[in-house]
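> predicted model and sequence follow; I will ask about them next.
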Amino acid sequence: MAQVADAIVIRERTLTVSLPAQGVADESSGEPAISASGRVVAFASAASNLGPPDPNGAVRDIYVAGVGAGGVRLISVPAEGDGANGPSSAPALSADGERVAFASSASNLVFGDSNGVDDVFLREGRGAVILVSITPDGGVANGPSGQPSISGDGRYVAFTSAATNLVPAAGGPGTQVYVRDLVAQRTVRVSDALAGAPAGGSAGEPAISADGRAVSFDSEAANLVTGDTNGVADVFVRTLARPATERVSISTAAVQQAKAVAAPFAQVSSISADGRYVVFDSDAANLVRGDANGRTDVFLRDRRRKTTTLVSENNAGFQGNNDSFAPAIAAGGGHVTFESFATNLSSGGGPRENVFVRDLALGLTSVVNVRSDGARPGAEQVKQLLQRPALSADGRVAAFTSTARRLTGNTSGKAVVFARRMSAPHGKVLRPPPRSTALLRPFVALSADDLQATRFACRIDEQPAFTCRRGTQRLPRQLPGSHVLEVRAGGPGLLYDPLPIKLPFTVRAEPARAVAPGGRRRRGI
């Protein structure tokens, strides 16, 4: 951190996570997961040159890395040190970053893995890999398992499986959602129908709350709750202590969604640490009022207040003009990250899809995938690869995948996992509007303690927010009377200052102009 004039310049905000210490990775990386502090990122990669010699070469493995610390550690490796004999994917991190759950088709990660299908595993620190998707007697599952999600303390792992022998009772068709208690050594199925009956359709995309008490998931079944008659897949939440299931992909008025995310995609959901908030994507146009874009949007369900609100909108409250999807909510519940093809959500993004973070309390949206100096990656056809980004508990660090060369000088064009530090700057007013002015559009001059803060969110009274820039500008035209200008510093790749600067000012009516004899105007007194 270095002092330059009146600004503090934080030199490295966008950091590479999945690159070797020297050179570039020889294969792509993706599927980032992040710890609560934002200091540890797990990811999957087929690269063979990320760190110590990779014993299985180009086979996709799971790694963890410290953000800004350099170096990576291989996770999906047998105790003997041989390479995994099958690809691994879908890492999930505990809050402290010590426990990593993942899926793998490898048969040599644990002794006796003879089922020949994908299983869910967990590794704690530098300990041995353990099998999560197991039968009550410790045997292997008779069907594939995947999509793990882990609780904050690492005790509970939610996952999907097509196996029929993980719990005694028969389940529904296709894949179903399970939770494994690693302490009690017990597995329960959470996608069951009313009264424990088998579900009438498959389920997937589970997300477990950090406290381990609730799981959100997508299901095609129409018999998980009463009154499910829309004929499309929905998002549900299952509480575990006192088993109960509720549907969350509904409007505030409890109207069923008219349309789910179109196949082959499924509705993706994420749940806050305490289970109160659930975010999900949907193609429905009837979940909130005024949804007229005809696109996939991201929504937030407050389970306590029973309300549903739109997340994928810009600072002025306009919804995205293209698809938004793959949301993840910060454990604290205050921020949501997602991907979008929309071009009107925030300034500073590159072409194709971009990654955004929405501050729910402030109602402000920031683009994430920018360079360390806040500049866009460039005009190249950058791909974020339709992969779900990840967010730290406080929403200040986001992890995402991109092929952008200009983010890091990644000359290979392979997909790389990045972490973006988004701490908010603090705004400064160099020239406030006069307390009393006859100008209907007074001037204001803005700055911040970080030179990367090039955009400011401004609002006059209760009017819609608008974007201000660094430096001097005229405010929008106002009617005569008393007003308050609120300013929050921000910019591409930055959250907005949570403490606004409030500037009261009064606009006086312009003096009347009298007409002098002979038709010439003279100023009124």
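Sure thing, it's come through. Numbers count the residues shown, from 1 in each chain.
> the stretch 1-150 of the chain: strands as residue ranges?
Per DSSP state E, counting those that start in this stretch, the stretch 1-150 of the chain carries strands over the ranges 2-4, 7-9, 14-16, 29-34, 40-45, 61-66, 72-74, 88-93, 99-104, 119-124, 129-131, 145-150.
> reformat these as a markdown table; add distance to residue 292, mean neighbour count and mean pLDDT.
C-beta here means a position set from N, CA and C on the backbone, and glycine is covered the same way. What follows is those, written out as a markdown table (distance: least, C-beta to C-beta, whole Å; neighbours: other C-beta atoms under 10 Å; pLDDT from 0 to 100):
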| stretch | distance to residue 292 | mean neighbour count | mean pLDDT |
| --- | --- | --- | --- |
| strand 2-4 | 45 | 9 | 35 |
| strand 7-9 | 41 | 16 | 44 |
| strand 14-16 | 35 | 23 | 91 |
| strand 29-34 | 33 | 26 | 96 |
| strand 40-45 | 37 | 28 | 97 |
| strand 61-66 | 42 | 25 | 96 |
| strand 72-74 | 45 | 21 | 92 |
| strand 88-93 | 35 | 24 | 98 |
| strand 99-104 | 39 | 28 | 98 |
| strand 119-124 | 41 | 23 | 97 |
| strand 129-131 | 49 | 19 | 97 |
| strand 145-150 | 33 | 25 | 98 |
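> ok, now how distant is the nearest residue to residue 54 once chain neighbours are set aside from residue 109?
Spatial nearest neighbour of residue 54, chain neighbours left out: residue 48 (4.4 Å); criterion: C-beta to C-beta, 6 or more residues apart in numbering. Taking C-beta to C-beta, to the nearest Å as the measure, residue 48 falls 18 Å from residue 109.
> which one's more surrounded, the two?
Neighbour totals were compared for residue 48 and residue 109, and residue 109 leads with 25 against 18 (other C-beta atoms under 10 Å).
> that one contacts residue 78, correct?
Yes: using C-beta atoms under 8 Å, residue 109 makes contact with residue 78 at a distance of 5.5 Å.
> any common contacting residues for these two?
84, 129 (C-beta atoms under 8 Å, 6 or more residues apart in numbering).
> what is the end-to-end distance of stretch 412-422?
For stretch 412-422, the first-to-last residue distance is 26 Å (C-alpha to C-alpha, to the nearest Å).
> confidence score at residue 418?
pLDDT recorded at residue 418 is 93.
> show the contacting residues for it.
Residue 418 touches 14, 15, 16, 17, 369, 399, 400, 401, 402, 407, 408, counting by C-beta under 8 Å, 6+ apart.
> now rank the residues you listed by neighbours and give me the top one.
Neighbour-wise, the contacts of residue 418 (other C-beta under 10 Å) top out at residue 399, 31 neighbours.
> now do that one against residue 389, distance only.
6 Å.
> common neighbours of the two, please.
Between them, residue 399 and residue 389 share the contacting residues residue 32, judged by C-beta under 8 Å, 6+ apart.
> name the nearest residue to residue 25, sequence neighbours excluded.
Nearest one to residue 25, counting by C-beta to C-beta, 6+ apart, is residue 47 at 4.0 Å.
> so who does that neighbour touch?
Neighbours of residue 47 in contact, by C-beta under 8 Å, 6+ apart: 18, 20, 25, 26, 27, 28, 29, 54, 58, 414.
> so what's residue 518 scoring on pLDDT?
54.
> so residue 282 is in contact with residue 301, correct?
No: judged on C-beta under 8 Å, residue 282 makes no contact with residue 301 at a distance of 10.6 Å.
> anything in contact with each of those two?
residue 249.
> now the nearest residue to residue 427 once chain neighbours are set aside: how far from residue 307?
In space, and not counting its chain neighbours, residue 427 is closest to residue 489: 3.4 Å by C-beta to C-beta, 6+ apart. Shown here: residue 489 relative to residue 307, a distance of 30 Å by C-beta to C-beta.
> what's the burial count for residue 395?
Residue 395 - counted by other C-beta under 10 Å - has 25 other residues nearby.
> who's in contact with it?
330, 332, 334, 335, 337, 357, 359, 422, 495.
> rerun at 6 Å
With contact set as C-beta atoms under 6 Å, 6 or more residues apart in numbering, residue 395 has these partners: 330, 334, 335.
> ok, the second one - contacts?
Going by C-beta under 6 Å, 6+ apart, residue 334 touches 360, 361, 395.
> which residues touch stretch 35-44?
So stretch 35-44 is in contact with 17-18, 29, 31-34, 60, 62-67, 89, 91, 93, 95, 97, 100, 331, 392-393, 397, 399, 417, 419, going by C-beta under 6 Å, 6+ apart.
> distance between the ends of that stretch?
End residues of stretch 35-44 are separated by 15 Å (C-alpha to C-alpha).
> make 690 the first number, not 1, from now on.
Got it, first residue is 690 now, which makes that one stretch 724-733.
> any idea how far it is from the chain center?
13 Å (C-alpha atoms, centre = their mean, to the nearest Å).
> now do the strands in the stretch 890-1039 of the chain.
Along the stretch 890-1039 of the chain, the segments classed as strands by DSSP E, counting those that start in this stretch run 892-897, 903-908, 923-928, 933-936, 958-960, 966-971, 986-991, 996-999, 1013-1018, 1024-1029.
> could you do the stretch 1040-1189 of the chain as well?
1043-1048, 1053-1056, 1079-1080, 1086-1091, 1105-1110, 1116-1120, 1125-1126, 1132-1137, 1144-1149, 1155-1158, 1160-1163, 1170-1179.
> for the chain, give me the ranges with low pLDDT.
For the chain, the stretches with pLDDT under 70 are 690-700, 1039-1040, 1066-1075, 1098, 1199-1214.
> check contacts around the residue most central in space within it.
Central residue of the chain (C-alpha atoms, centre = their mean): residue 1026, 2.5 Å from the mean position. By C-beta under 6 Å, 6+ apart, the residues touching residue 1026 are 1017, 1046, 1078, 1080, 1087.
> what do you get if the cut-off is 7 Å, keeping everything else the same?
1016, 1017, 1044, 1045, 1046, 1057, 1078, 1080, 1087 (C-beta atoms under 7 Å, 6 or more residues apart in numbering).
> beta-bridge partners for the fifth one, please?
Judged by DSSP bridges, the bridge partners of residue 1046 are residue 1026, residue 1055.
> in contact with it, which residues?
Contacts of residue 1046 by C-beta under 7 Å, 6+ apart are 1024, 1026, 1055, 1057, 1080, 1084, 1087, 1111, 1184.
> just the last one next, same as before
For residue 1087, the contact set (C-beta under 7 Å, 6+ apart) comprises 1026, 1044, 1046, 1057, 1078, 1079, 1080, 1109, 1111.
> what is the nearest of the residues you listed to residue 877?
Residue 877 has its nearest neighbour among the contacts of residue 1087 in residue 1079, at 26.2 Å by C-beta to C-beta.
> report the secondary structure state of residue 849.
strand (DSSP: H, G, I helix; E, B strand; the rest coil).
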